[in-house]
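Colleague: give the three-dimensional model of this entry:
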Amino acid sequence: MDKNHSLDLSKISKELIVLLEIIKTEQQHDKIMSFKSELYTDLDWDLFLQLASHHRVYPKIYSMINKLEEKWIPPYVFQTLYRDYKQNTFQMLHLSGEMELVSKLFTENQVRLLFLKGPVIAAELYGDISLRTSKDLDILIPITSLEKTEKLLLSIGYVKEETPNVLNEWKWKNHHVVYFHPQKKIQLEIHWRLQPRPLKEPEFNELWEQKRVSNITSYPVYFLGNEDLFLYLVSHGARHGWFRLRWMLDLDQMLRKGLDIKKINKLLNKYQSNHIVGQALILASQLFKTPIEKDLINLTEVKNSKKLAQNALDIITGTTSLENIMSTKFYRRYLFSLNSRIQKFFHILILFYPSSLDAKTLRLPKPLHFFYFPLRPFLWAWRKTGKSK
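Modeller: Below you'll find the model as predicted:
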């Protein structure tokens, strides 16, 4: 990576540096021995565990230190990592079983579905479902199948998370709906878009044509094609400020395995994603020493990519919750900066679309809901004054 794309890494804690170095030992087996005496002295192991959990990389960390069999790791650290690793293995097996059940149910009822993350990409990228974490199953379906999908999930015990809705705001401001199974303790996110508007993305039929089938279940389970998955993971990680290193580790695995550069460039030009892919490549190279193919290096030179990468690094080095980060002005400005000019225009337009907050501020009969359009700026200003409480 060109030195002009080097990031300011001064805010990275010693504990996070050790976390990154352990992950990188898979590619550099002797590296950990050379810096052990320098970095493992006076290490805050509780913070180290907190970071491993926060970034959802503890399965990978456990698998690496288990191979190294080093004595410099306190027993309680190793035991904690092993406990979490074991719990995650059970969770991924649990999700795998449900993934197969849902796939069979939907397919037999003529609902096409693509699994976006979870056990399928854990197996695809790491070769072992126990090496990646997932708290739920993300499923993409055509928007025309939403009603049928709801009936199917309710029939097998899932409960839909109710969300307020004014003038069908969900079509414009949301991209998925959540279902939860009280007995199985499994959450499903049913997507009709990969990302929220106004981000540009492929149609479902395009993604379906490039689908792959997973080999971890006996019944066919479909997931995204390699290059579609890459672009989705980049967009998802960028939108969340690469809050968890797990997403960056996924990209590291994909880049090391290799991509079809022609397909990538075609997708990038079509969906205006050069700047966020440049951001991802800079971060991966700086944090994981991910090798970047020469045909992709030019993406790191895209205007604004380095600034986006540095802003994301400020989010990565924090340990606060995603909900707290998303409520900050810094994050909102960062999110806005991910959009192209035309996307920024549509982003602003969407802000003027009424929301359930407007209905809470001023309750109108349903036939008069169209008045929320002209009233929205005034209702927003009223809420900001705090007088609406």
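Colleague: tell me which element the residue nearest to residue 125 when sequence neighbours are not counted is part of?
Modeller: What sits nearest to residue 125 in space, not counting adjacent residues and going by C-beta to C-beta, 6 or more residues apart in numbering, is residue 253, at 4.1 Å. For glycine as for every other residue, the C-beta is placed from the backbone atoms N, C-alpha and C. Using DSSP states H and E, residue 253 maps to helix 245-257.
Colleague: can you check residue 208 too?
Modeller: helix 204-209.
Colleague: neighbours around residue 219, how many?
Modeller: Other residues near residue 219 number 12, with proximity taken as other C-beta atoms under 10 Å.
Colleague: what sits against it?
Modeller: Contact analysis of residue 219 by C-beta atoms under 8 Å, 6 or more residues apart in numbering lists 100, 103-104, 107.
Colleague: and which of those residues is nearest to residue 56?
Modeller: Each of those was checked against residue 56 using C-beta to C-beta; the closest is residue 100, at 23.3 Å.
Colleague: follow-up on the earlier one: now do the buried residues in the helix holding residue 208.
Modeller: Using 16 or more other C-beta atoms under 10 Å as the test for burial, helix 204-209 gives 204, 207-208.
Colleague: tell me who's in contact with residue 105.
Modeller: In this structure, residue 105 makes contact with 152, 156, judged by C-beta under 8 Å, 6+ apart.
Colleague: now the strand or helix carrying it: average pLDDT?
Modeller: Applying DSSP H and E as the criterion places residue 105 in helix 75-108. If you average the pLDDT over helix 75-108, you get 97.
Colleague: likewise stretch 61-69?
Modeller: Averaging pLDDT along stretch 61-69 gives 84.
Colleague: show me what the helix or strand residue 330 falls within is packed against.
Modeller: Under the criterion DSSP H and E, the helix or strand holding residue 330 is helix 329-337. Applying 3 or more C-beta pairs under 8 Å, 6 or more residues apart in numbering; DSSP states H and E, one finds that helix 329-337 contacts helix 305-316.
Colleague: separation between residue 119 and residue 230?
Modeller: Plainly put, residue 119 is 19 Å away from residue 230 if you go by C-beta to C-beta, to the nearest Å.
Colleague: looking at the two, which has the bigger crowd around it?
Modeller: Neighbour totals were compared for residue 119 and residue 230, and residue 119 leads with 28 against 22 (other C-beta under 10 Å).
Colleague: correct me, but the more buried one touches residue 138?
Modeller: No. Between residue 119 and residue 138 there is no contact, the gap being 11.3 Å when judged by C-beta atoms under 8 Å.
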